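starting from these lines, generate the structure:
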Amino acid sequence: MSCCRWLAAVLLIPAVLLASCERQTIHRYQSFAFGTLIEIKIRSDDKSLANQAAASLFVDFDRMHTDWHAWQPGALTQTSTLLATEEWFSADRSVLTLIKLSKKYSLLSDGLFNPTIGKLIQAWGFQSSELLQTPPSQETITRLLDSLPTVNDIDIDGNRLRGHNSQLQLDLGAIAKGYAVSTGIQKLRDLGIKHALINAGGDLCGFGDQGQRSWRIGIRDPSGNGIIASIELEKDECVFTSGDYERHFTHEGKRYHHIIDPRTGYPADQAVSVTVLHKNGALADAASTALFIAGPDNWQEIATKMGVSDIMIIDKQGQIIMTSSMQKRIKLEPGNKNKVIISKPLT
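Sure, this is the predicted structure:
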């Protein structure tokens with residue numbers, strides 16, 4: 001799967017909690033999937049149950065990582081190949097739900113979240129563990145934009161799919177981690193866990209609490225190595241961030257990052273970080289990407305259409321733009337000197 005979205009970090013790894021409750025029994029588990037560190041925290045007096053739940057979840061994440069990988073052989077790459085034939089086929093169950101969700105959220109975002117532009121992402125070198133050192137030529141970008149696919153090029157009929165664009169190549173990196181973490185949270189609930197936090201490279205969902213207080217997480221400062229703010233989760237919530245600081249390369253003094261604007265073919269360049277708080281991890285994941293591309297001047301309409309309201313944007317000048325509902329939830333770090341702008345209410 002493309003690392004371009006997996007590595008967008010909200011928290012500093014490995015420290016997830018900014019405050020701990022040592023008197024509580026919190027079991028911690030770590031593994032790697034989706035190109036990043038996965039950390040599970042479970043508060044339970046039943047250590048055996050916690051161990052079994054975490055082990056089962058890591059098996060699921062390993063399978064998802066393989067099935068959803070954007071360029072290594074698996075269910076997703078096979079699906080892209082079949083879509084390019086423009087013939088009906090029975091979809092692999094492991095990717096079908098994610099494709100349906102991706103189409104829904106892409107349409108709500110006016111195509112700013114576009115999971116069909118794998119070839120464009122590939123041209124920039126972000127479908128590889130080794131980054132390119134030069135951007136693609138303008139000729140290459142123009143050619144790809146001339147035939148750029150959208151989710152409207154995918155027909156869905158029950159469990160059958162058909163593509164309408166031979167250039168269609170799926171890259172679900174801007175939603176799959178959110179969907180995986182939300183799915184993991186539900187599985188932990190089904191297994192009888194009452195309190196847990198799943199952190200996938202800084203993008204996370206949690207439920208319950210850590211004992212005497214809520215799960216408290218930090219939001220990374222895109223200008224440095226510390227945190228810029230913190231949030232205490234309320235029962236079932238997810239926090240996802242898209243930032244320009246993880247996957248990037250520099251060419252002739254200009255830095256190019258991994259979040260590609262499907263309208264221009266180039267990295268979006270108006271924001272440096274977008275954080276979305278929502279109960280639905282998949283939606284928060286996709287929305288943070290769409291709002292990053294929309295930028296600080298045009299994000300409100302997209303946020304309204306996608307149904308997200310707790311949002312914080314940091315623009316290129318370091319200004320912090322947030323909704324009034326996010327202002328009520330977020331705590332900026334002491335000494336923060338960034339200008340804070342509270343947006344007009346979403347309509």
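
quick one, phi psi at the closest residue to Gly218 other than its chain neighbours?
Distance criterion Cβ to Cβ, 6 or more residues apart in numbering; nearest residue to Gly218, sequence neighbours excluded, is Ile227 at 3.7 Å. In short, each C-beta sits where N, CA and C put it, glycine included. Main-chain dihedrals, Ile227, degrees, to the nearest 10: phi -110, psi 150.

ditto for Leu161
phi -130, psi 150.

is it true that it touches Trp88?
Yes - using Cβ atoms under 8 Å, Leu161 makes contact with Trp88 at a distance of 7.3 Å.

quick check: neighbours shared by these two?
Asp155 (Cβ atoms under 8 Å, 6 or more residues apart in numbering).

which of these two has more neighbours?
Leu161 (22 against 13; other Cβ atoms under 10 Å).

for the residue nearest to the spatial centre of the chain, which non-adjacent residue is spatially closest?
Most central in the chain under Cα atoms, centre = their mean is Asp285, positioned 3.6 Å from the mean C-alpha point. Using Cβ to Cβ, 6+ apart and skipping the chain neighbours, the partner closest in space to Asp285 is Gly178 (2.7 Å).

secondary structure element holding the one you found?
helix 176-190 (DSSP states H and E).

can you list contacts of that helix?
Contact with helix 176-190 is made by 1, 5-6, 34, 40, 42, 53, 56-57, 60-61, 64, 68, 97-98, 101, 196, 198, 200-201, 203-207, 236, 238, 240, 280-286, as judged by Cβ under 8 Å, 6+ apart.

keep only those of those residues that are in helices.
5-6, 53, 56-57, 60-61, 64, 97-98, 101, 281-286 (DSSP state H).

where does the prediction get shaky in the protein?
1-24 (pLDDT under 70).

if we use 90, what do you get?
1-24, 35, 127-133, 201-202, 212, 223-226, 235, 245-248, 335-337, 347 (pLDDT under 90).

residue ranges of the helices in it, please?
Under DSSP H, the chain gives helices at 3-6, 47-67, 75-84, 93-108, 118-123, 138-146, 176-190, 281-294, 299-306, 324-329.

tally of neighbours for the residue nearest to Asp285?
Gly178, neighbours per other Cβ under 10 Å, totals 30.

go ahead and confirm Ile175 touches Lys100.
No - the criterion here is Cβ under 8 Å, and Ile175 misses it with Lys100 at 11.1 Å.

okay, the two: which has more neighbours?
Ile175 (28 against 14).

next, the contact list for the closest residue to that one other than its chain neighbours, please.
In space, and not counting its chain neighbours, Ile175 is closest to Ala286: 4.5 Å by Cβ to Cβ, 6+ apart. Neighbour list for Ala286: Ser102, Tyr105, Ser106, Ser109, Phe113, Ala174, Ile175, Gly178, Met306 [criterion: Cβ under 8 Å, 6+ apart].

as TSV, these with distance to Thr323 would be great.
Converted to TSV, those look like this (distance: Cβ to Cβ, whole Å):
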residue	distance to Thr323
Ser102	25
Tyr105	19
Ser106	23
Ser109	17
Phe113	19
Ala174	21
Ile175	22
Gly178	20
Met306	13
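
which one of those residues sits in the busiest neighbourhood?
Ala174 (32 neighbours).

right, and it touches Leu291 too?
No - using Cβ under 8 Å as the test, Ala174 is too far from Leu291 to be in contact (11.4 Å).

list the residues that contact both of these two?
Listed as contacting both Ala174 and Leu291 by Cβ under 8 Å, 6+ apart are Ser242.

neighbours around the nearest residue to Thr36 once chain neighbours are set aside, how many?
Nearest residue to Thr36, sequence neighbours excluded (Cβ to Cβ, 6+ apart): Gly201, at 3.0 Å. Using other Cβ under 10 Å, Gly201 is surrounded by 25 other residues.

dihedrals phi and psi, Gly201?
phi 60, psi 30.

please tell me how far it sits from Thr241.
10 Å (Cβ to Cβ, to the nearest Å).

ok, back up a step: I'd like to know how far the residue nearest to the centre of the chain sits from Arg220.
In terms of Cβ to Cβ, Asp285 sits 16 Å off from Arg220.

now Asp92. Nearest residue, chain neighbours left out?
Ala75 (4.2 Å).

tally up the residues packed near that neighbour, please.
Neighbours around Ala75, by other Cβ under 10 Å: 20.

any idea how far Gly243 is from the residue nearest to Phe240 when sequence neighbours are not counted?
Once flanking residues are discounted, Phe240 sits nearest to Ala284: 4.1 Å by Cβ to Cβ, 6+ apart. Separation of Ala284 from Gly243 (Cβ to Cβ) stands at 14 Å.

between those two, point out the one with more neighbours.
Set Ala284 next to Gly243 and count neighbours by other Cβ under 10 Å: Ala284 wins out with 29 against 26.

and the more buried one, what does it touch?
Applying Cβ under 8 Å, 6+ apart, the residues near Ala284 are Gly178, Cys238, Val239, Phe240, Val276, Leu277, His278, Val308.

run through the residues that contact the third one.
The reference is to Val239. Val239 makes contact with Val10, Asp203, Leu204, Cys205, Ile217, Ile219, Ile231, Leu233, Thr275, Val276, Leu277, Ala284, according to Cβ under 8 Å, 6+ apart.
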